[in-house]
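Enquirer: Predicted model and sequence below, questions to follow.
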Amino acid sequence: MIRSEILKEIAPILKDQLIVCNIGIPSQELHAIMDQPSNFYMLGTMGLASSIGLGVALAQDKTVISIDGDGSVLTNLGTLPTIGNNCPDNFILMIIDNGSYGSTGDQPTYTGRKTDLAGMARAAGCDTVVEVQDVDTGPALQAAIDSGKGTVMIVKCDSGNAKMPVITMDPVIIKDRFMKAIAS
Amino acid sequence: MNIDKKICDDLVANDVSFVTTVPCKQLAGVIEEIDQREEIFHIPSNKEDEGMGLCAGAFMGGKRPAIIMQNTAIGVTINTLATLTQFYRMPLPMIISYRGELREPVACQVEMAVHTKALLAQMHIPTYHFHWQDDVKEFDNILKYTFMCNKPVAILTDANFWGGYGDQ
Ligand SMILES: Cc1ncc(C[n+]2csc(CCOP(=O)(O)OP(=O)(O)O)c2C)c(N)n1
Ligand SMILES: [Mg+2]
C-alpha cells in the first residue's frame, strides 16, 4: 500500500480527531480525502509535525495524532528524545515510513536501508513503540487511541504518491479552525 | 534587581505557561528560575526550530508560549520563523542571549552577532535590545505587545545586561 491508500483506509478513525499532518503530498492527500477543521496542515517547515503535535498534546487533554514521514523525522531527530522524555498520554506520533522523500519524487531515505526508526524511538526513551505493516494500520491506530497511552507508530509501506491538488487554504484559516476545534 | 526573577515574574503575570529552552551560559540563571515556577511548564528542546514547533503547538492548544535561546539560533530558525510562526500568524516571545557583543570573551560568537540584527530586520521581526539591567523594565510591555500582534518578537540580551563574565 502507498500512503494515500492507508489514509483512505483510516479516514473513519481519523474523523473528528485532532491531526497535525506532515508537509507536502501527505497533507494534500489528507485534505483531499477528508478535510475537516481539526486537521492542521503543514504548508512548509519540513520536520516539525511531531513537535507541533507534541506541543498541542501537552497544552490540552484531547488526543492528538501527528501524521509524519520518515524523511521528516530524520531531519528533526531531536524530536524523539523530547517525545521520549515528555510524552503525554494523549499523543500519538504515526510515522508513515515509505522509505523515501515522497513529496519530492520518492528519493530514498536511510530508513529504506539500515536505519530503524522504531529502534531509534525506543533508544530515545519512547515507552510505547509499535511497528506495523500498512495493512494493519487501522487496528493499530485504533488500539493506540483506545490505550490512552502515548504511542509512536511506525507504519511500513510502499513509496508512491496520489495526484492531489495543492492546498490553497490560507494558513491563518487553517490555524483558526484548528484552534476552534481544539477549544470546542 | 534580580533580572532572572523579574523575567519570570513578568512571564507568569502575562500567563506564559509553556517555555522551551536551549541553554546559553548567559541564560543559566533564568532557566534555573523557570524551573522553580510551578506556573510554567519547562520543556527543553534539542534544537531551536524544534522548540518553535513545540511553541506553535502549545499556542494552538491554548497556552501562551515562549522560547529562550542563543542568538546563534537565528541561523537555524529562519525557515521556521517564516513558514510556521509568521505564515500562520502566531505570537512567540524569543528571549535571546546576544552573544558576541560588548564584554564577549569568545571570538567566534562575534561572527553571528554581526548578522543577528540584520537577519531579524530582514525578517521584519520586532527587536528589542537589553544592554542595561534597567532595560528589563520594558519586558512586561514587550510580552503584552507580542500577544497583541501575534508575531515573533526578539528580545536580545547582551553580556552587559547579564553582568559580564567576570575575569574571563
Ligand atoms: C528544509 C527543507 N528541505 C527540503 C524540503 C523539501 N521537502 C518537502 S517534503 C519532503 C519529503 C518529506 O519526506 P517524508 O517526511 O518522508 O514524507 P513523505 O512525503 O515521504 O510521506 C522534502 C524533502 C523542504 N520542504 N524543506
Ligand atoms: Mg517518506
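Expert: Nice, I can see it. Ligands and ions are numbered 1, 2, ... in the order given.
Enquirer: hmm, stretch A:93-104 touching ligand 2?
Expert: Yes: part of stretch A:93-104 sits near ligand 2 under the criterion Cβ under 5 Å from the ion, namely A:98, A:100, A:102. (C-beta placed from N, C-alpha, C; glycine too.)
Enquirer: Go ahead and confirm the second one touches residue A:113.
Expert: No: because the distance of 11.2 Å does not satisfy Cβ atoms under 8 Å, residue A:100 is recorded as not touching residue A:113.
Enquirer: coming back round to it: ok, so of the residues of stretch A:93-104 next to ligand 2, who is nearest chain B?
Expert: Using Cβ to the nearest Cβ, residue A:102 comes nearest to chain B of the residues of stretch A:93-104 next to ligand 2, at 19.0 Å.
Enquirer: Quick check: phi and psi on that closest one?
Expert: Note on residue A:102: its backbone torsions stand at phi -60, psi -50 [degrees, to the nearest 10].
Enquirer: Check residue B:88 too.
Expert: Phi and psi for residue B:88, reported as degrees, to the nearest 10, are phi -90, psi 0.
Enquirer: can you pull the contacts of the residue nearest to residue B:61 when sequence neighbours are not counted?
Expert: Excluding the flanking residues, the one nearest residue B:61 by Cβ to Cβ, 6 or more residues apart in numbering or on different chains is residue A:59, at 2.8 Å. For residue A:59, the contact set (Cβ atoms under 8 Å, 6 or more residues apart in numbering or on different chains) comprises B:18, B:57-63.
Enquirer: Ok, residue B:90 next?
Expert: By Cβ under 8 Å, 6+ apart, residue B:90 lies in contact with A:175, B:55-56, B:59-60, B:84, B:150, B:152.
Enquirer: got a markdown table for those residues, with neighbour count, secondary structure and distance to ligand 2 too?
Expert: Below are these laid out as a markdown table (neighbours: other Cβ atoms under 10 Å in any protein chain shown; DSSP: H, G, I helix; E, B strand; the rest coil; distance: Cβ to the ion, whole Å):
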| residue | neighbour count | secondary structure | distance to ligand 2 |
| --- | --- | --- | --- |
| A:175 | 20 | helix | 25 |
| B:55 | 33 | helix | 25 |
| B:56 | 27 | helix | 22 |
| B:59 | 25 | helix | 27 |
| B:60 | 26 | helix | 25 |
| B:84 | 26 | helix | 20 |
| B:150 | 16 | coil | 32 |
| B:152 | 26 | strand | 29 |
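Enquirer: Redo these as JSON lines? Include distance to residue B:123 and pLDDT.
Expert: Below are these laid out as JSON lines (distance: Cβ to Cβ, whole Å; pLDDT from 0 to 100):
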{"residue": "A:175", "distance to residue B:123": "19", "pLDDT": "98"}
{"residue": "B:55", "distance to residue B:123": "16", "pLDDT": "99"}
{"residue": "B:56", "distance to residue B:123": "16", "pLDDT": "99"}
{"residue": "B:59", "distance to residue B:123": "19", "pLDDT": "99"}
{"residue": "B:60", "distance to residue B:123": "21", "pLDDT": "99"}
{"residue": "B:84", "distance to residue B:123": "13", "pLDDT": "98"}
{"residue": "B:150", "distance to residue B:123": "15", "pLDDT": "98"}
{"residue": "B:152", "distance to residue B:123": "8", "pLDDT": "99"}
